[in-house]
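Undergrad: Attaching a predicted model along with its sequence, questions to come.
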There are 2 protein chains.
Amino acid sequence: MNTIKSYIAQNKERFLNELFDLIKIPSISADSSYKNDVLKTAEIIKESLEKAGCDTVEVCQTEGYPIVYGEKIIDKELPTVLVYGHYDVQPPDPIDLWTSPPFEPVIKKTDKHPEGAIFARGACDDKGQLFMHVKALEFMTANNQLPCNVKFMIEGEEEVGSKSLGTFVKNNQARLANDVILISDTGMIANDTPSITTGIRGLSYVEVEVTGPNRDLHSGLYGGAVANPINILTKMIASLHDENNHITIPGFYDKVEELSREERDEMAKAPFSLEAYQNALAIESVYGEKGYTTNERNSIRPTLDVNGIWGGYIGEGAKTVIPSKAYAKISMRLVPNQDWAEITTLFKSHFESIAPKGVKVEVKPHHGGNGYVTPLNSIGYQAASKAYAETFGKTPIPQRSGGSIPIVALFEEELKSKTILMGFGLDSDAIHSPNEHFGVWNYLKGIETIPYFYKHFTELSK
Amino acid sequence: MNTIKSYIAQNKERFLNELFDLIKIPSISADSSYKNDVLKTAEIIKESLEKAGCDTVEVCQTEGYPIVYGEKIIDKELPTVLVYGHYDVQPPDPIDLWTSPPFEPVIKKTDKHPEGAIFARGACDDKGQLFMHVKALEFMTANNQLPCNVKFMIEGEEEVGSKSLGTFVKNNQARLANDVILISDTGMIANDTPSITTGIRGLSYVEVEVTGPNRDLHSGLYGGAVANPINILTKMIASLHDENNHITIPGFYDKVEELSREERDEMAKAPFSLEAYQNALAIESVYGEKGYTTNERNSIRPTLDVNGIWGGYIGEGAKTVIPSKAYAKISMRLVPNQDWAEITTLFKSHFESIAPKGVKVEVKPHHGGNGYVTPLNSIGYQAASKAYAETFGKTPIPQRSGGSIPIVALFEEELKSKTILMGFGLDSDAIHSPNEHFGVWNYLKGIETIPYFYKHFTELSK
């Protein structure tokens, strides 16, 4: 394995250029007007897997966007690693806050990335992190260093709820059979503080619609006399948290895993500066559930956030209107043992029950998934930990993340294998935000680290 | 005056076509991309006043849109009527709810307008109602029946707060000197139940901006740990009403005029069916301040409504974002004795005071004006009442309206004269909404009634 560093040094420019070509296609799955771009991206993924050394690669059609499946089986007696990733990206809105066009990647230096970072939508989430695995495979096959079998399953609907992936996994259990699932779609603490995500939160995403009068009304003639859907929506949403920022939906916390004092003390050892956190976000104070620290609030505790709200006149100037309808997109992050389908049902019945007479409420579930925890004593975790230790020179810290990869819980259910979340991005990389970026150093470090995972996992599996 | 009916019969088609030409120009003052259309409309108003018989007409430049001033002085010893109106219109949004294009007027029959109504933005508010006065003047001058002097002051910024009108009035007191101000920018109860608006509410319109983190964040990584500006905005707005739907801003009700039981009993005599009201809006129940009836809630009581709200991702599909900012447009309708500037200050300091740590709040006042009450014993009111009685065959009912014409209180202050609100539209005409319309019958009835006002006002002034 002593050639990986030199292989990267020789191919660095090409690795970057190939990633740029992938990023340039706006594969926005949430917006149907980008359909052709999403489909084109699937084809590029297919070609890149073939070039990297996969024996068979197929663009598998689904009811939604296709799943690219590829494999290289060297010996059926050896372990098999299944790599999962996604080639779709978040919408770039709000566009005007980007300092360079979201689909024209450029390398710019930042405080945290003195060697430069790639600025573009998808640079980190997940095209950059996914492509590390393609380039690591290329190295291993080109240098005859692949120690086990490998399968790739790359989907195009992760940012819209992985609608087709569940069916695909259920219908292809034999083909997808594996010993461990490897995903790079999370982050680590800092470039000098490697960490591995050992828990992710579940998700329930819903859209709500409040309808008042059957048409927009003049707020002078009707104001104060009929229920204004916006005022009602704000009241209903506000009531979802109590004065301690606990969520008020009956039954919401019933299955929440309560961590022991010891476990919480262990978590509290992770390096964290509240001042630096607040300064980075330009906020005077953090805000959240009473009785929990910031790191607990966004990892081991469930939350409820409005991701979008709209209603009435939102143009320039003033319009004195009471709109007929108001809307919000609301997501709940869930912790292990909470079932997303059950939580969605609890939300729906509670939200409908608190609507006052005079309005009608509709709750439309978007998508969701359950949380997941990786056991620290699993072979997969041990292999990942050793891999980071070799390339970073430090044992990585196990850390629960607040994010969600809804499909991970389903993988374990259907494929009976553990998932290892080896992420190389940073929280400050602004994924899902304007000016998303991914450190060039991080991209190359990922490519360097992944082959060690294969090596250690194969050895530990013996 | 026995020829007004026949004059209308002879000129009906032309009266409609001329109004259509005026309506076809999208004079949307709130949207600066329509600037040329607004300016063109001022020119058309000027020409129409000249044709109707004004001796001098001038398009007076202001810092905003021009004010069209016209006059016909027949004898300085006779009384002077000052007609006020506005040639700008509300934005037509949401466009997709219009059943015909908003700036292509068509006549369609409705239940309340069996003789047809003109469907278009501005058909009623205020191009249709304003043009009645132009056509009434045309009749009086063409038939030598103008009994007094007349002045017209038609502005182009009413829908955005009449920013330039105050200065214009202050700087032109001598030129605008009058004995009564006549405005048709309100409605009446029904075609068989004429009414005159004797009170209008004041207005304070503000825009609020809540800023949390300095950039949009991933709701998984930061959810629950930082203040989400949308959640905070909903909490802040929700807290502006208590459980009885009283407004919670300290000092808000201090100067509110409380009506006596007798006055409220008198109001309650106006014909009103709660069932018909609810059915017309397709709502199960009305909603408003405890202790007051529907007609009281939207006339003698102050109110607070959100007219627009936005923040986060509002496109197709799902985006798990905590936005940096969330916004709302909020208007308060005020009753006599409440001062709009004072209420705006109270709102601003209260709203800023309830912001939790972790967000910054900005309140931007848009515009406003005070409420107004017309004395029933004034010559102007008596003249209007007699005019309606002659053409409708019924004495009109005096009625307080929930709407606002912020400039009316200023007229009294600067010009020392009373304003008479002779409206001919109906509440169901959907002004400020999609499918605004104005009954053809109402348009012609207005033209028929106005000359009688001039006659009676001149006689009562002797």
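TA: Looks like it came in fine. Source: prediction; values computed, not measured.
Undergrad: quick one: low-confidence parts of chain A?
TA: Scanning chain A for pLDDT under 70 picks out A:1-2.
Undergrad: hmm, try it at 80
TA: Along chain A, the model assigns pLDDT under 80 to residues A:1-2, A:406.
Undergrad: hmm, what's the outermost residue in it?
TA: In chain A, the residue that sits farthest from the middle, by CA atoms, centre = their mean, is residue A:221; the gap is 47.0 Å.
Undergrad: Can you confirm whether the strand or helix carrying it lies near chain B?
TA: Taking DSSP states H and E as the definition, residue A:221 sits inside helix A:219-222. Yes: legend: contact between helix A:219-222 and chain B by CB under 8 Å from any CB of the partner chain is shown at A:219-222. Quick note: C-beta positions are derived from backbone N, CA and C, even for glycine.
Undergrad: Of these - the most surrounded one?
TA: Neighbour counts for these peak at residue A:219, which has 31 neighbours (criterion: other CB atoms under 10 Å in any protein chain shown).
Undergrad: circling back to that earlier point, what's the helix holding residue A:221 packed up against?
TA: Here helix A:219-222 touches strand A:321-322, strand B:303-312, strand B:325-334, going by 3 or more CB pairs under 8 Å, 6 or more residues apart in numbering or on different chains; DSSP states H and E.
Undergrad: Other residues contacting that helix?
TA: Residues from elsewhere that reach helix A:219-222, judged by CB atoms under 8 Å, 6 or more residues apart in numbering or on different chains: A:213, A:228, A:320-322, B:187, B:201, B:203, B:298, B:303, B:305, B:307, B:331, B:333, B:401-404, B:427, B:432.
Undergrad: could you redo the last one with a cut-off of 6 Å?
TA: By CB atoms under 6 Å, 6 or more residues apart in numbering or on different chains, the residues outside helix A:219-222 that reach it are A:320-322, B:305, B:307, B:331, B:333, B:402-404, B:427.
Undergrad: any chance of these in JSON lines, plus neighbour count?
TA: Shown next, in JSON lines, are those (neighbours: other CB atoms under 10 Å in any protein chain shown):
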{"residue": "A:320", "neighbour count": "24"}
{"residue": "A:321", "neighbour count": "29"}
{"residue": "A:322", "neighbour count": "31"}
{"residue": "B:305", "neighbour count": "24"}
{"residue": "B:307", "neighbour count": "26"}
{"residue": "B:331", "neighbour count": "28"}
{"residue": "B:333", "neighbour count": "28"}
{"residue": "B:402", "neighbour count": "25"}
{"residue": "B:403", "neighbour count": "27"}
{"residue": "B:404", "neighbour count": "28"}
{"residue": "B:427", "neighbour count": "22"}
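Undergrad: Of these, which is the nearest to residue A:141?
TA: residue B:307 (61.8 Å; CB to CB).
Undergrad: What is the neighbour count of residue A:77?
TA: Quick note: residue A:77 (other CB under 10 Å) scores 7 neighbours.
Undergrad: SS state for it?
TA: coil (DSSP: H, G, I helix; E, B strand; the rest coil).
Undergrad: now residue A:368
TA: Classification of residue A:368 using three-state DSSP returns strand.
Undergrad: Dig out what it forms beta bridges with.
TA: residue A:204 (DSSP bridges).
Undergrad: and it, how many neighbours?
TA: Residues lying near residue A:368 (other CB under 10 Å) number 22.
Undergrad: Surely it and residue A:166 touch.
TA: No: taking contacts as CB atoms under 6 Å, residue A:368 lies outside contact range of residue A:166: 11.3 Å.
Undergrad: Distance from the chain centre to stretch A:86-97, please.
TA: Distance of stretch A:86-97 from its chain centroid, counting by CA atoms, centre = their mean, to the nearest Å, is 13 Å.
Undergrad: What residues of it count as buried?
TA: A:86-94 (16 or more other CB atoms under 10 Å in any protein chain shown).
Undergrad: Tell me which residues touch residue A:132, please.
TA: A:446-447.
Undergrad: for residue A:216, what are its contacts?
TA: When contacts are counted by CB under 6 Å, 6+ apart, residue A:216 is found next to A:321, A:323-324, B:433.
Undergrad: can you check residue A:85 too?
TA: Residue A:85 is in contact with A:126, A:130, A:154, counting by CB under 6 Å, 6+ apart.
Undergrad: With just CA atoms, put the helix or strand where it lies into PDB.
TA: Using DSSP H and E, residue A:85 sits in strand A:80-86. Only the C-alpha atoms of strand A:80-86 are listed here, as PDB (Å, rounded to 0.1, in the frame of the first residue of the first chain):
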ATOM      1  CA  THR A  80     -17.600  -7.800   0.100                       C
ATOM      2  CA  VAL A  81     -17.800  -4.100   0.700                       C
ATOM      3  CA  LEU A  82     -20.900  -2.300  -0.600                       C
ATOM      4  CA  VAL A  83     -20.300   1.400  -1.300                       C
ATOM      5  CA  TYR A  84     -23.400   3.700  -1.200                       C
ATOM      6  CA  GLY A  85     -23.600   7.300  -2.400                       C
ATOM      7  CA  HIS A  86     -25.800   9.700  -4.300                       C
END
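Undergrad: on that earlier part again, buried deepest among the helices and strands packed on helix A:219-222, which one?
TA: strand A:321-322 (a mean of 30; mean count of other CB atoms under 10 Å in any protein chain shown).
Undergrad: Can you tell me what sits against that one?
TA: A:216-217, A:219, A:222, A:228, A:312-313, B:305, B:307, B:432.
Undergrad: Please repeat the previous calculation with a cut-off of 10 Å.
TA: The contact list for strand A:321-322 (CB atoms under 10 Å, 6 or more residues apart in numbering or on different chains) reads A:212-213, A:215-231, A:311-313, B:90-91, B:93-94, B:305-308, B:329, B:331, B:432-433.
Undergrad: What is the neighbour count of residue A:356?
TA: 13.
Undergrad: Could you tell me which residues make contact with it?
TA: The contact partners of residue A:356, taken as CB under 10 Å, 6+ apart, are A:227, A:232, A:235-236, B:284-285, B:287.
Undergrad: ok, now residue A:70?
TA: Neighbouring residues of residue A:70 by CB under 10 Å, 6+ apart: A:45-46, A:48-50, A:52-59, A:83, A:134, A:137, A:150-154.
Undergrad: same thing but at 8 Å, please
TA: Shown in contact with residue A:70 (CB under 8 Å, 6+ apart): A:46, A:49-50, A:54, A:56-58, A:151-152.
Undergrad: Now neighbour count and secondary structure too, for those, in CSV please.
TA: Converted to CSV, the contacts of residue A:70 look like this (neighbours: other CB atoms under 10 Å in any protein chain shown; DSSP: H, G, I helix; E, B strand; the rest coil):
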residue, neighbour count, secondary structure
A:46, 20, helix
A:49, 26, helix
A:50, 13, helix
A:54, 23, coil
A:56, 11, strand
A:57, 20, strand
A:58, 15, strand
A:151, 20, strand
A:152, 27, strand
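Undergrad: Specify which member of the residues you listed is nearest to residue B:378.
TA: Within the contacts of residue A:70, the smallest distance to residue B:378 is 82.9 Å, found for residue A:46 (CB to CB).
Undergrad: This completes my enquiry, with thanks.
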